[in-house]
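Trainee: What shape does this take:
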Amino acid sequence: MKLLLDQNLSQKLVRELNPLFPDSRHVLDFELDKATDREIWDYARIHDFTIVSKDSDFKQLAFLLGPPPKAVWVRAGNATTIEILTLLLDEHERIFSLNESEEDTLLVLTMKKTDAS
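Mentor: Just a heads-up that it's a prediction; the model follows:
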């Protein structure tokens, strides 16, 4: 299973995620950083990627168009790259399950809030 990370996520995540998600890439790797969400969706479909994004527009495309591809919507606000990496690693089994599911198109991952007090 390979992930395609949207421009709103750090390129650094690719290297850290590759042990679990080999051949994962960032949209910058394919000069898709200026592409529309639909162009990214179509690229992921053709090249068998699962999209990972903080952009809710991919949620809408998932419901409108259905799979393939599949999408992981990271609801993390202003989370750091390390926090997003931790979330993706912690939820890797759910991400794999999404890929194996015949019906599911979208997985929503929400950053757990920590108590600052």
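Trainee: correct me, but D6 touches V27?
Mentor: Yes. At 5.9 Å, D6 and V27 qualify as touching, with contact defined as C-beta atoms under 8 Å. All C-beta atoms are positioned from the backbone trio N, CA, C, and that covers glycine.
Trainee: Determine the residues that are contacts of both of these two.
Mentor: I40 (C-beta atoms under 8 Å, 6 or more residues apart in numbering).
Trainee: State the mean pLDDT of stretch 17-27.
Mentor: On average, the pLDDT along stretch 17-27 is 97.
Trainee: Please point out which parts of it sit buried.
Mentor: Neighbour-count burial for stretch 17-27 flags L17, F21, S24, R25, H26, V27 (criterion: 16 or more other C-beta atoms under 10 Å).
Trainee: Mind listing what's buried along whichever strand or helix holds L87?
Mentor: Using DSSP states H and E, the element containing L87 is helix 81-90. For helix 81-90, a neighbour-count test (16+ other C-beta under 10 Å) marks E83, I84, L85, L87, L88 as buried.
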